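S.K.: Build the 3D model from these lines:
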Amino acid sequence: MKDVNQNRTLLLKQCLTGNKKAQLKIYTLYYKAMYNTAYRILNNSFDAEDVMQEAFLSAFTKLYTFKAEVTFGAWLKRIVINKALQLIKKRTLETVTINEKQNHLIDDDEDNTETIDFKQIQIAKVVDAIANLKDNYRIAISLHLIEGYDYEEMMEIMNISNENCRALVSRAKSKIRKELANKQ
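M.R.: Got it, this is the predicted structure:
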C-alpha cells in the first residue's frame, strides 16, 4: 500500500509539471469512481461524463492547490460533486430555496411504515428507486449513504442547514422505502 501511495504521489508531482502521461495515468486510476459519483448525483450519463471531464481538467489546472490534507481521490471527488451541483443549479430555471420546496412536498407518513423484508429486494430495484427521486433527495441520499459524507459535510456541500440536511435524507429514505414496498 505504501508503494501505491508513493507511486501516486510521484504521478501527482509529474502532473504539476504538465506531464501528459502522468495525467493520463491519474485519470485512468480515478475516472470510473468519479463518473459514478457524478452519475449518482445527475442521473444522466452524458452530464456525468461532462462533469467528470470538467472536474479532471479543473483538478489538473489547480493541482497546485492540493495540500494533501485528504487523499487526492477525496479532493477530486469533492470537485466532481461541486461541478455536478453547479450544473444542477445552472439548469434550474427558477431559484427556489430548500425551505420553499419543502412547503410543497407531500407529508410523509413515517408512523405507517410497513414491515418489509429488504433482504429480498434486488440491488437494481434500490438503484432505480434512488434514480427516481427528486434531485434534492437523490443528491442528499447519494452524498450520505453512497459517498459517505456526514451531515456537517453535506451542509457545506449543499449550502443548507443541519435541519434541512437531515430532513432531506430522512424523506429520501422514506420515499425509497415506499417505492420498494410498492414493488414487492
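S.K.: Hmm, residue 33 is touching residue 77, no?
M.R.: Yes: counting by CB atoms under 8 Å, residue 33 does reach residue 77; the two are 7.3 Å apart. C-betas here are computed from N, CA, C, even on glycine.
S.K.: quick one: which of those two has more around it?
M.R.: Using other CB atoms under 10 Å as the criterion, residue 33 and residue 77 rank with residue 77 on top: 22 against 14.
S.K.: show me the contacts for the closest residue to that one other than its chain neighbours.
M.R.: Nearest in space to residue 77, with sequence neighbours left out and distances taken as CB to CB, 6 or more residues apart in numbering, is residue 37 at 5.6 Å. For residue 37, the contacting residues are 77, 80, 81, 84, 142, 147, by CB atoms under 8 Å, 6 or more residues apart in numbering.
S.K.: Please apply the same query to residue 27.
M.R.: residue 56.
S.K.: Give the rounded mean pLDDT of the host helix or strand of residue 58.
M.R.: For residue 58, the host element (DSSP states H and E) is helix 45-61. Taken as a whole, helix 45-61 carries a mean pLDDT of 94.
S.K.: pLDDT averaged over stretch 24-39 - what is it?
M.R.: Per-residue pLDDT values over stretch 24-39 give a mean of 94.
S.K.: now that stretch: how far from the chain's centre is it?
M.R.: Here the centre of stretch 24-39 is set off from its chain's centre by 13 Å, with CA atoms, centre = their mean, to the nearest Å.
S.K.: Can you show me the CA trace of that stretch as CSV?
M.R.: These are the backbone C-alpha positions of stretch 24-39, laid out as CSV (Å, rounded to 0.1, in the frame of the first residue of the first chain):
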residue,chain,number,x,y,z
LEU,A,24,-3.4,10.0,-18.2
LYS,A,25,-2.3,7.5,-15.5
ILE,A,26,-4.1,9.5,-12.8
TYR,A,27,-7.2,9.8,-15.0
THR,A,28,-7.1,6.0,-15.5
LEU,A,29,-6.9,5.4,-11.8
TYR,A,30,-9.8,7.6,-10.9
TYR,A,31,-12.2,8.1,-13.8
LYS,A,32,-14.6,5.2,-13.0
ALA,A,33,-15.2,6.3,-9.4
MET,A,34,-15.6,10.0,-10.4
TYR,A,35,-18.0,9.1,-13.2
ASN,A,36,-20.1,7.0,-10.8
THR,A,37,-20.2,9.9,-8.3
ALA,A,38,-21.3,12.3,-10.9
TYR,A,39,-23.9,9.9,-12.3
